[in-house]
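A.B. asks: Sharing a model prediction with you, sequence too.
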Amino acid sequence: MAKPQPKAKDDGPRHVAIIMDGNGRWATQRGRPRLFGHQAGARRVREIVEACPDLGVDYLTVFAFSTENWKRTQSEVAGLMNLFRRYITREAKALKVNDVCVRFIGDRVRLDKKLVSMMDELEALTAHCQTVNLTIAINYGGRDEVARATKRLARDVAAGKLDPEAVDEETLPKYLDTCVLPDPDLVIRTSGEARISNFLLWQSAYAEYEFIDTLWPDFTAAEFRDVVGGFGTRDRRFGAVMA
């Protein structure tokens, strides 16, 4: 399937990706355990998803759990995995009713089989939804994604399905987890950190970035609207010089 084409430069962002950072600090500021912040952050996702249609955002990708997050304490990781299962159970019906197509990206091998089964079921349940495309990155890392894509590409070359001389910058994206998605136009990171943390490395080559001081559980639909609205003022040249 061919990737959707990007919007014209004077349009708003069609695809917004968000690094949802600051849950732990938000909870600590309130004297609560870190998982309390993650729970608040999960609730915030619904509000942002519901804001997308009115803003013309067709695709929303959120960074839920990175390949590096396994380094956190066992109790926090276990709590997050349980939170993902509860999110799917609680939100599945609303996502379908609101015509939200859900996809998961990342390496599923390390994830609990029950969680993977629930992810598969939610994808199947919402496969025909079209109003918003919500992509959730779980056990995802940009470098890991490129490595896995390269392995698949190499296997096709070895099997004679792909001519190595024909490989160019348009080839690898077909093997990425995001192969059916347009590249993000805008990447937002909350919590005041100014780094990309191994998120959508290939896809964000020409994305605009916005680093927000607000901690993710406090990132409202109104602030999301302001950030998306500011995107239209940016001059995106994609390496060219406009007359």
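C.D. replies: Arrived safely. These figures come from a predicted structure and were not determined experimentally.
A.B. asks: in the chain, which spans are helices?
C.D. replies: 23-29, 34-55, 74-97, 113-125, 142-158, 221-231 (DSSP state H).
A.B. asks: relative to helix 34-55, how tilted is the third one?
C.D. replies: Pointing back at helix 74-97 there. Interaxial angle, helix 74-97 versus helix 34-55 (axes from the mean of the first three to the mean of the last three Cα atoms, to 10 degrees): 30 degrees.
A.B. asks: ditto for the fourth one
C.D. replies: The directions of helix 113-125 and helix 34-55 differ by 10 degrees, with the same axes, to 10 degrees as the criterion.
A.B. asks: in stretch 94-103, what's buried?
C.D. replies: Neighbour counts over stretch 94-103 (16 or more other Cβ atoms under 10 Å) mark 95-96, 98, 100-103 as buried. The way it works is simple: take the backbone N, C-alpha and C, and place the C-beta from them, glycine included.
A.B. asks: what's the most distant pair in these?
C.D. replies: Pairwise distances across the buried residues of stretch 94-103 (Cβ to Cβ) peak at 15.5 Å, for the pair Asn98 and Arg103.
A.B. asks: okay, the residue nearest the centre of the chain: pLDDT?
C.D. replies: Centroid check for the chain by Cα atoms, centre = their mean gives Thr61 as the closest residue, at 2.7 Å. If you check Thr61, the pLDDT there is 98.
A.B. asks: Not counting sequence-adjacent ones, nearest residue to Arg103?
C.D. replies: Thr135 (4.7 Å; Cβ to Cβ, 6 or more residues apart in numbering).
A.B. asks: er, Val116 actually
C.D. replies: Using Cβ to Cβ, 6+ apart and skipping the chain neighbours, the partner closest in space to Val116 is Arg108 (5.0 Å).
A.B. asks: I'd like to know how far that neighbour sits from Asn69.
C.D. replies: 15 Å (Cβ to Cβ, to the nearest Å).
A.B. asks: Show me the shaky parts of the protein.
C.D. replies: Across the chain, the ranges flagged by pLDDT under 70 are 1-10, 232-243.
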